[in-house]
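Asks: Sequence plus the predicted model coming up.
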Amino acid sequence: MDKSQIFGGVFALSMLGSTAALADWHHHWDDGRDYRYQREAEIRAEQRAEEREAEIRAEERANARAEARANWIRGERFNSPYYSNQYIVEDYNTYNLRRPPQGYRWYRADNQYVLVRRDNGVIDDIIDALR
């Protein structure tokens, strides 16, 4: 064996060892980066869940306040869970209600019929349903 063969063998082994070391370093760096991004995503998901829970609690409080108010007041806004399509009174003649003027709609809320202006939600008239 001459010196060039020995030198070539040593050089080849040193190249293999340094490549393996670099690959190992890169592997650890990727793991750390992936963990950091994963943790940031988990934190964002937790924050979104907390925000949604806060919104739900606020909505529930608002609905409870609205439901607790059995007597509506003329001129107030009709912000309520009843302000939805399922509480609209379409057959007002059946309930002895006058035909709503254009731009108004009757709603059944608690034990009352409430005439609400469509564009701004202001209450125009209130009639007891138990009359």
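Replies: On my side now, so go ahead.

Asks: So, low pLDDT: which residues of this protein?
Replies: Low-confidence segments of the chain (pLDDT under 70): 1-34, 63-71, 80, 131.

Asks: where exactly do the helices run in it?
Replies: Applying DSSP state H to the chain gives helices spanning 3-68.

Asks: thinking residue 82 is in contact with residue 109, fair?
Replies: Yes - if you go by C-beta atoms under 8 Å, residue 82 and residue 109 touch, sitting 4.1 Å apart. C-betas here are computed from N, CA, C, even on glycine.

Asks: The two: which has the busier surroundings?
Replies: residue 109 (23 against 20; other C-beta atoms under 10 Å).

Asks: For that one, give the beta-bridge partners.
Replies: On the basis of DSSP bridges, residue 109 is bridged to residue 112.

Asks: Contact partners for it?
Replies: 72, 78, 80, 82, 87 (C-beta atoms under 8 Å, 6 or more residues apart in numbering).

Asks: Give me the phi and psi for the second one.
Replies: The reference is to residue 78. phi -90, psi 60 (degrees, to the nearest 10).

Asks: Start at 8, not 1
Replies: Fine by me, first position is 8 from now on; the one you just mentioned is residue 85.

Asks: from memory it sits against residue 132, does it?
Replies: No - counting by C-beta under 8 Å, residue 85 does not reach residue 132; the two are 11.3 Å apart.

Asks: Common neighbours of the two, please.
Replies: residue 121.

Asks: Among the contacts of residue 116, which one sits closest to residue 58?
Replies: The closest of the contacts of residue 116 to residue 58 turns out to be residue 87 (C-beta to C-beta; 24.1 Å).

Asks: ok, residue 136 - contacts?
Replies: Neighbours of residue 136 in contact, by C-beta under 8 Å, 6+ apart: 102, 115, 118, 119, 120.

Asks: Go through the residues you listed and give me the one with the most neighbours.
Replies: Tallying neighbours with other C-beta under 10 Å puts residue 120 at the head of those, with 21 neighbours.

Asks: okay but it is in contact with residue 112, surely?
Replies: No - counting by C-beta under 8 Å, residue 112 is not a contact partner of residue 120; they are 10.7 Å apart.
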